[in-house]
Each structure stands twice: as structure tokens, then as C-alpha cells.
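Asker: quick one: sequence and predicted model below, then my questions.
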Amino acid sequence: MESSIAEHLHVERVHPRRKPDSFHPPYPSFSARFDPAVEQVVMAYLGVQYRTPEPPPVATAALAELDAAGEHAPEHRDRARYVDEAGFTTVLTILYWTDPAEYDRWRKARAAWTGPHHRSADAGFFSEVVRPTTRRFETLFSSDRTEGVSVAASELSGEIHEHGYWGGARDRLPLGQTDRLEPTGAPIAETDPETGVVTVSPQGNLCLIRSGQEWTETDGDERGMYLGDVEPVLRAGMDFLRDDGLGIGCYANRYVRLTDETGAETDKSFGMSWWHSLADLEAWAESHPTHVAIFRAAMKYLSTMGPAARLRLYHEVTVTDADEQEFRYLGCHDRTGLLRAVMR
């Protein structure tokens, strides 16, 4: 068994792990291994929202432009869809680079996602981008199938030690070895009077989690158990964070379905949320009734299925510094993303 933290990111710990070396996780899990030459990544969430049953022309054209091949393309991309708390359908494109300079070139070569050419009464556009160093994010997988930023990794680890207990995410974060990752500052917003773009500056050590599920290979009783017993409980927890999470430190939450190249839904979903701090995320996960219910439903499912379970689970947790963040909103309703944190 090995550490989730890659060898080149190991330093002498100031903050001990929550579990001793003698702890044995109850099931195998793995972490992504990035080439040591990768020092920083880009995670870009580009969204377009609209109220109509079908996307308006401005949204369709924008997504087609985003999908067009070009130089400096991301190393991985996902497309997802969800209906938000205000009833807006949102198409979300998630792009990942392991070279921030390539992202800068890609962005410079095309019109801004929240630029004036997208200004319309029919749709809102938002761009939420973070550039964490590899010391500031961690990944966890229940299988050898990668998702998210880890698709751009060079390989997976062997079975890791730091999982299967509360506080494991903090123990897997390389920076957590020496830093408590406490938030600094407070969210502020500025509106450009000419363009109408709202720029939000959250705070230092803003926390992001993308936590996903894939049930593509399930069938029969297992599929029925996941969709009938586990997913509704998961959805209830995601809805709580979406609608009422602000009071416990969750700025915004989205529970989305990944789509394929035709726009059809796949058997993959994930929740992604922005948190005031890693500590707030940990508190919800460890003790809030909505997550306790998710945990119990998942454990019942996994104990029933045992090693035969074909549900695949993963997550990535990121804690970004203030100068690694960029949040812009054009024509969006005031509960969109980080706008919830500043427009109360």
C-alpha cells in the first residue's frame, strides 16, 4: 500500500494524518499520478443557461464554437447538463489543461466566453476557472477508470492508504502536510458598467469538489438498487446543498448528468460545489444528516453487492489560492454559481 501523495510532493508533515500507519482501509482505492514536470493545472467550467425547452440560437452557436477544433486544445473535456435552482437549463463544458500557458494561448485565440458577442436576453454565460498547483488538489477512484482532471494524468497509483475515513481528503492533499488550508478574506463582486460582466473574487483557499458516479456497467438487481435506493438519497443531498447550502458554507452546488457527443444523457453523474473552506466541506460530509443518509445508503449498497459491485465512484478536491481563481458572469440570474455568495 502506498501514499496518495506522490513521492515528489512529499514533505515532512507538520499536521499528522488522521489515521496511523497501522490503519487498513476497508476497500481498495487509487489516486492519479501526474508527471513531476506538471506543476499546475487548469480546471475551466464554462456554462450557458436558458429558460426555454431547447437552447436558443446564441447558446447553440456558442457551444458549436467551443467544440470547434483548434490549437492549444484541452487535454480532456466533459459536457454535462442540469436544471438549476431557478429552473434554468444549463449546459456545462468542463475543460482541463496540465499546462496553464496552453490554456492562456487557447483563450487568447478565441473570443471570450463572457464577451459582448454572447450578450443576449435569451441566455446567460459564466466562466469559472481555477489554476491549482499540484500541491492543491487530490483525487480518489474506486476503480482504474479515470475521470475529470485525472484523465490527463500519466497513470494511477497502487492501492492507497489515506481513504475510508473522515478527513481522508485533507490527508491526501499535498499542501495539507504543512498547511491548515484556512480561508482568508471574503467574497466580493464588481460589475463592469459597459459590458455588464460581474466578476467575483471569492477568497483564499476556496474549496471545489467534483464527486462522480458511473453506473454504465450495472444491471439487474444492482442497477435497481442504485437507481432506486441510492441515487434518490444522493439527489436529496445535492438539492439541499443547492437550495440551502449557503448557511453551512456551500456557495453553490450542481448535480449534473454527463452527456455524449450527441447531447444524450449517459449513465454518469457528478456533483460539483464551491465551498467557503475545506473545513466546511468536511463538516457537512462527516455530520450533516443529508450526507449521513448518503453514506448509509452507499454502505448498504456496497455491503450487499460486495466485490461484485460495478458502480464506479471518484472525486477530486481542490483548494485554490486567491490568485488562482477567475469567476465571470454575463446575463446570469443572481443565484448562479458564486453570485450566490455576494448577492444576498
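Answerer: All right, it came through fine.
Asker: so how far is the strand or helix carrying S303 off the chain centroid?
Answerer: S303 belongs to helix 289-305 when assigned by DSSP states H and E. Computed by Cα atoms, centre = their mean, to the nearest Å, the chain-centroid distance of helix 289-305 equals 21 Å.
Asker: parallel or antiparallel, list what pairs with whichever helix or strand comes after that helix.
Answerer: Remark: after helix 289-305, the chain's next helix or strand is strand 312-320, criterion DSSP H and E. Sheet pairing of strand 312-320 (DSSP bridges) gives strand 137-141 (antiparallel), strand 206-214 (antiparallel).
Asker: deepest in the core, which of the ones you listed is it.
Answerer: strand 137-141 (a mean of 25; mean count of other Cβ atoms under 10 Å). Every residue, glycine included, has its C-beta placed from N, CA and C.
Asker: skipping adjacent residues, who's closest to the residue nearest to the spatial centre of the chain in space?
Answerer: Taking Cα atoms, centre = their mean as the criterion, R210 is the residue nearest the geometric centre of the chain, at 2.6 Å. Once flanking residues are discounted, R210 sits nearest to M272: 4.5 Å by Cβ to Cβ, 6 or more residues apart in numbering.
Asker: now do Y255
Answerer: M238 (3.6 Å).
Asker: ranges for the helices of the stretch 101-250 of the chain?
Answerer: Ranges of helices in the stretch 101-250 of the chain, per DSSP state H, counting those that start in this stretch, are 168-172, 220-225, 231-244.
Asker: so which of those is nearest G158?
Answerer: Nearest to G158, of all the helices of the stretch 101-250 of the chain, is helix 168-172, at 14.4 Å by Cβ to Cβ.
Asker: name the surrounding residues that touch the closest one.
Answerer: Outside helix 168-172, the residues that touch it by Cβ atoms under 8 Å, 6 or more residues apart in numbering are 4-5, 17-19, 31, 138-140, 160, 162-163, 176, 181, 278, 281-282, 315, 317.
Asker: if we can go back for a sec, contacts only, for the residue nearest to R210.
Answerer: 45, 208-211, 253-254, 256.
Asker: part of a strand, is it?
Answerer: Yes: under DSSP: H, G, I helix; E, B strand; the rest coil, M272 falls within a strand.
Asker: how near is it to R18?
Answerer: Distance of M272 to R18, computed by Cβ to Cβ, to the nearest Å: 25 Å.
Asker: coming back round to it: how far away is the residue nearest to Y255 from D244?
Answerer: M238 is 11 Å from D244, by Cβ to Cβ.
Asker: again with F125
Answerer: 26 Å.
Asker: same drill for these two, tell me which one is more crowded.
Answerer: F125 (25 against 13; other Cβ atoms under 10 Å).
Asker: so for stretch 80-100, what's the average pLDDT?
Answerer: In this model, stretch 80-100 has a mean pLDDT of 97.
Asker: for stretch 318-326, that is, sorry about that
Answerer: 96.
Asker: same deal with stretch 250-262?
Answerer: Rounded mean pLDDT across stretch 250-262 is 96.
Asker: same deal with stretch 117-126?
Answerer: Stretch 117-126 comes out at a mean pLDDT of 97.
Asker: list the buried ones in the helix holding S303?
Answerer: 290-291, 294, 297-298, 301-302, 305 (16 or more other Cβ atoms under 10 Å).
Asker: same check on stretch 146-158?
Answerer: Quick answer for stretch 146-158 (16+ other Cβ under 10 Å): 146-150, 152-153, 156-157.
Asker: how about a markdown table for those residues, with distance to A112 added?
Answerer: Output for the buried residues of stretch 146-158, formatted as a markdown table (distance: Cβ to Cβ, whole Å):
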| residue | distance to A112 |
| --- | --- |
| T146 | 30 |
| E147 | 28 |
| G148 | 24 |
| V149 | 23 |
| S150 | 28 |
| A152 | 24 |
| A153 | 29 |
| L156 | 35 |
| S157 | 38 |
